[in-house]
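Here is my input; please provide its structure:
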Amino acid sequence: MTTYDLHQHLWPAPFVAALAQRTDPPRLVQDELVTVEGRFRIDLHDHDPESRVQALDRDGVDVAVLSLQPSLGLDGLPDGERDALEGVWVDSVHELVEASTGRFLALSPTHVRAGFTGVSLGSSSFADFDLSAPLLDAAAAAGSPIFVHPDIDGPADTTRPAWWEWVNGYPARMQSAYLAWLAFGRERWPTLRVLFAMLGGGGPFQLERLARRGIDVRSVLDPNTFFEVSTHGRRAIELCIETFGVGQLAYGSDTPVVDPRPTLDAVRGFGDAVTHVLQTDTPTRLLA
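Predicted structure coming up:
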């Protein structure tokens, strides 16, 4: 029985060096990550592969699925800069996966690549399906799952509390992506397996409101639409289990951005059967 964490980020040393060499966001200035959104303290020890494997062992997780977070803002860079940074991450993570004896898998940023187990896209890519159609067509043809992760929407509003973007901006963009998938994407790519980070920003919580607008809630139940549970606890996870069934949820942690243990404890609090589905059965079906 293999257990998975479908939502982890890791920056290999060449990517860290590339960020440190930059003079514009995203960049590293000693122990601070500077993005369009602001400055964030980073512990680079968290991105050491050996330390990450030790953390996996501590948490009882066999395989971490790595992705390059769209929240860095690479999509806002000129094409040459974006491709260069993305290429450094892709090449170094591919080598890391190959050498990891199965402890790491990785999602390819923006499009299908050989040696990667799926594709990660920013939430705004679901705002215009005609624009993103070539990427989604290729993923569907390859049988490659899509992981939808929140991206950024310009500089943070400094008049808001520090938690504002975390609790309002990211979930709102994820919820918009999920509802756009329901309205326009799912019918267009019916076989594409899509995993929404952080419970789709709470998108499933809106289904009762959809019903008030005449939508048959049963019509949104889809065996190819999945939700990972990062940053949430028992109440939110329980609501989604009641709505979609346990088989559409999967465990993800958003390591090292947040401490994975509160969400992992919440998942395991449902008992061994639910934990097995979220950490083994659903990830296996999603990544197959």
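
so how far is stretch 281-288 from its chain's centroid?
Here stretch 281-288 is found 15 Å from its chain centre; the criterion is C-alpha atoms, centre = their mean, to the nearest Å.

Any buried residues in stretch 159-167, and which?
For stretch 159-167, a neighbour-count test (16 or more other C-beta atoms under 10 Å) marks residue 165 as buried. (Each C-beta comes from the backbone N, C-alpha and C, glycine too.)

my read: residue 86 touches residue 110, true?
Yes. Using C-beta atoms under 8 Å, residue 86 makes contact with residue 110 at a distance of 6.9 Å.

Next one: residue 3 from residue 264, what distance?
10 Å (C-beta to C-beta, to the nearest Å).

tell me the contacts of residue 152?
Going by C-beta atoms under 8 Å, 6 or more residues apart in numbering, residue 152 touches 35, 36, 37, 70, 71, 73, 76.

Quick check: closest non-adjacent residue to the fourth one.
To tie it back to what came earlier, the one meant is residue 70. residue 122 (3.3 Å; C-beta to C-beta, 6 or more residues apart in numbering).

what are the bridge partners for that neighbour, then?
Residue 122 has these beta-bridge partners by DSSP bridges: residue 149.

tell me, how many neighbours does it end up with?
Per other C-beta atoms under 10 Å, the neighbour tally for residue 122 reads 25.

Run through the residues that contact it.
Contact analysis of residue 122 by C-beta under 8 Å, 6+ apart lists 70, 71, 75, 148, 149, 150, 151.

quick one: secondary structure of the third one?
Three-state call for residue 75 (DSSP: H, G, I helix; E, B strand; the rest coil): helix.

And the helices in this structure?
13-21, 49-59, 79-99, 129-142, 164, 170-180, 207-211, 234-244, 261-268, 272-276, 282-287 (DSSP state H).

Of the contacts of residue 122, which pair is most distant in space?
Distance extremes for the contacts of residue 122: the farthest pair is 75 and 148 at 13.4 Å, using C-beta to C-beta.

ok, these two, which is more surrounded?
More crowded of residue 75 and residue 148, by other C-beta under 10 Å: residue 148, with 27 against 16.

Might one say that the more buried one is in contact with residue 196?
Yes. Using C-beta under 8 Å, residue 148 is in contact with residue 196, at 5.0 Å.

of the helices of the chain, which approaches residue 200 most closely?
helix 170-180 (3.7 Å).

residues bridging contact with residue 148 and residue 196, i.e. touching both?
Joint contacts of residue 148 and residue 196 (C-beta under 8 Å, 6+ apart) are 174, 177, 178, 181.

For the last one, list the residues it contacts.
Right, the one you point to is residue 181. 126, 148, 194, 196, 225.

Return the closest of those with respect to residue 19.
residue 148 (23.7 Å).

quick one, what contacts the closest one?
Counting by C-beta under 8 Å, 6+ apart, residue 148 has contacts 120-123, 125-126, 174, 177-178, 181, 194-197.

Counting neighbours, which of those end up buried?
For the contacts of residue 148, buried by 16+ other C-beta under 10 Å: 120-123, 125-126, 174, 177-178, 181, 194-197.

Worst mean pLDDT across the helices and strands of this structure, which element?
None of the helices or strands of the chain scores lower by mean pLDDT, DSSP states H and E than helix 207-211, at a mean of 84.

List the buried residues for it?
207, 210.

Next: stretch 188-206.
Quick answer for stretch 188-206 (16+ other C-beta under 10 Å): 189, 192-206.
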